[in-house]
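Colleague: build me a model:
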Amino acid sequence: MTKKINELSEEEFSFLIKGIVKETMEEISEDILALTSREYIKSIEEARKDYKDGKVKEFVEVFGV
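Modeller: Residues are numbered from 1 along each chain as shown. Below you'll find the predicted structure:
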């Protein structure tokens, strides 16, 4: 069931906003880290190269599910 904003209780609305703010702050923190850390950028570049070179495993291979 989908609710409209004006149908939410104050508690539901507060929970929704807190979640959005938390996600946004995490994204901003990652952006700041990326902009200020050469090591972080290097790790992303290495991960992308590993992926391109096929040096990855499927989820099932790692976790057996």
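Colleague: what does stretch 45-58 rub up against?
Modeller: Residues from elsewhere that reach stretch 45-58 (Cβ atoms under 8 Å, 6 or more residues apart in numbering): none. Quick note: C-beta positions are derived from backbone N, CA and C, even for glycine.
Colleague: how long is that stretch end to end?
Modeller: 20 Å (Cα to Cα, to the nearest Å).
Colleague: how about the backbone phi and psi for Lys57?
Modeller: phi -120, psi 150 (degrees, to the nearest 10).
Colleague: and for it, the neighbour number?
Modeller: 8 (other Cβ atoms under 10 Å).
Colleague: then Ser37?
Modeller: 11.
Colleague: what of Tyr40?
Modeller: Burial measure for Tyr40: 13 neighbouring residues, criterion other Cβ under 10 Å.
Colleague: what do you get for the one 4 residues further on?
Modeller: By the criterion of other Cβ under 10 Å, Ile44 has 11 neighbours.
Colleague: how far away is it from Glu30?
Modeller: Taking Cβ to Cβ, to the nearest Å as the measure, Ile44 falls 10 Å from Glu30.
Colleague: and what of Asn6?
Modeller: In terms of Cβ to Cβ, Asn6 sits 33 Å off from Glu30.
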